[in-house]
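Chemist: I need the structure of the sequence given here:
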Amino acid sequence: MDAEFPLRQFRLSFCNILQWSDFRFELLVDEGLEISAEQCREVNAFWPALREQPYVLLVNCEQPFSYSFEASMEIGDPALQERVAIYTPNAASRFAHDSAVALNLMRYPDKKVQLFDRKVDALDWLAQGETAIRAQLKTNSTSQ
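Modeler: Numbers count the residues shown, from 1 in each chain. Coordinates of the predicted model:
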């Protein structure tokens, strides 16, 4: 069951990252920001320093933000990402993130990423990813 408050919180130069469970995180970008390629490299370096196990990520787009073209290509190195759900609560937000996702998928075609207009649907999809992570880790631990 999820905690009422995040287990841990992290601050990068442009966003907050909340850890809700062992495997689920939420990224909240500062309002009105255009994410740069440098900031993408910052978050891409953050994950392997924090995690050795897979995780799922909710990118919360309730606050408006955008990506530079270069950032769209850099964001989200999928090495440990099991799934990324992008919560876009309105049409303008969805439009802004559709192109960034399309560009990113050209670089990482096997990445599991989806956009959702309802947060509950995004969380349900991520829960399936958490279940897959737990099953894989259990299989790995019993086979050693």
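
Chemist: switch to C-alpha atoms for all contacts and neighbour counts from now on
Modeler: Noted.

Chemist: avg pLDDT for stretch 121-141?
Modeler: The average of the pLDDT scores along stretch 121-141 is 92.

Chemist: Please identify the helix or strand for the spatially most central residue of the chain.
Modeler: Closest residue to the average C-alpha location of the chain: residue 57 at 3.3 Å, with CA atoms, centre = their mean. Element membership of residue 57 [criterion: DSSP states H and E] is strand 55-60.

Chemist: Centre of the chain to that strand, how far?
Modeler: 3 Å (CA atoms, centre = their mean, to the nearest Å).

Chemist: Now do it: which elements does it pack against?
Modeler: Packing contacts for strand 55-60, counted by 3 or more CA pairs under 8 Å, 6 or more residues apart in numbering; DSSP states H and E, involve strand 24-29, strand 81-87, helix 119-142.

Chemist: And the contacts of that strand?
Modeler: Outside strand 55-60, the residues within contact range by CA atoms under 8 Å, 6 or more residues apart in numbering are 23-29, 80-88, 122-123, 126, 129-130, 133.

Chemist: Leaving out chain neighbours, which residue sits closest to residue 17?
Modeler: In space, and not counting its chain neighbours, residue 17 is closest to residue 27: 4.6 Å by CA to CA, 6 or more residues apart in numbering.
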